[in-house]
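Asker: What would the 3D arrangement of this be:
(one chain, ligands or ions: 2)
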Amino acid sequence: MNSVLNFIKQKSGKFIEQLLPAQCLLCHLSSNDKLICTYCQNALDIKRPCCRKCGLRLVKTQDFCGDCLQQTHLFTQLHALADYQSPYSSLIKKLKYKKQLISGELLGELLTSSISSNVDLQTIADVDYLLAIPLHRKKHKKRGFNQAEIIAQVTSRQLGIPQLFDAVERHKNTSVQEGLSLKKRKQNLNNAFSLKQKQRDKLAGTHLVIIDDVVTTGATVNSLCRILLQAGVRRIDIWCICRTALPVQKLTADKQASI
Ligand SMILES: [Zn+2]
Ligand SMILES: [Zn+2]
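Answerer: Ligands and ions are numbered 1, 2, ... in the order given. As a prediction, this is how the structure comes out:
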């Protein structure tokens, strides 16, 4: 039945599409005009035990992971929606490689809902700007959009926090990070970003949230944090869809998940 509905939707115009029931993006059953149905929403609402600073999944009931006990990260707090696993990993791939922007809309909605339930209101109200982590110019041109910006757009709209555009440029295409050792990844990321002059004055004293789709070691976001803090930013948090565990090799099994 669902494949028949999909076929009709594909072959028909917008008018017919509006007459047919909305389908859940995950299970394809009726979703009452929402992107996912109540059943799928409830199945996703499971709290993951994680480090209170960097969002890394923890197996034991600790507050912080080893990295954070050694104060490795430059951001104040990272909130991740989930581990790098289904359905989030496949939604990210649909967004990035199949250009299904509706998957980005859903990821943005899920992230915003998770932020609203897990981050205290005072912290959310204190945020001045959302900053989607930029792609390298060539990659942006090839893909046609920045997936972090698509996600940030939803969060910005729903929480009423403006996005900061055109503030940072990415110089190195860091997708070649895969398979490199942690030390090499960090070296590779030196000077990966620079600030654009025209937005520099806006940064001093602000509280920024960097939006990213997948955070692995945190080296990329830390590299961006470094130049933002040097420019006088007061506080930086990270809100992302997935936070993966070390070692990074876990991701390399899935070649398309390059970040
Ligand atoms: Zn569903
Ligand atoms: Zn941690």
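Asker: And the helices in the stretch 1-150 of the chain?
Answerer: With DSSP state H, counting those that start in this stretch as the criterion, the stretch 1-150 of the chain has helices at 2-11, 14-19, 38-44, 66-69, 88-98, 101-118, 121-126, 137-143, 147-159.
Asker: Leaving out sequence neighbours, find the closest residue to residue 222.
Answerer: In this structure, residue 222 finds its nearest non-sequential neighbour in residue 74, 5.0 Å apart by C-beta to C-beta, 6 or more residues apart in numbering. Using the backbone N, CA and C atoms, a C-beta is placed for each residue, glycine as well.
Asker: Mean neighbour count and mean pLDDT for the helices of the stretch 1-150 of the chain - can I get that in CSV?
Answerer: As requested, the helices of the stretch 1-150 of the chain are exported to CSV (neighbours: other C-beta atoms under 10 Å; pLDDT from 0 to 100):
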stretch, mean neighbour count, mean pLDDT
helix 2-11, 11, 53
helix 14-19, 9, 52
helix 38-44, 14, 87
helix 66-69, 15, 90
helix 88-98, 18, 93
helix 101-118, 19, 95
helix 121-126, 12, 97
helix 137-143, 12, 92
helix 147-159, 21, 97
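Asker: Minimum distance to ligand 2: which of those has it?
Answerer: Minimum separation from ligand 2 across the helices of the stretch 1-150 of the chain (C-beta to the ion) falls at helix 66-69, 3.3 Å.
Asker: where's the closest one relative to the chain centroid, distance-wise?
Answerer: Relative to its parent chain, helix 66-69 has a centroid offset of 22 Å by C-alpha atoms, centre = their mean, to the nearest Å.
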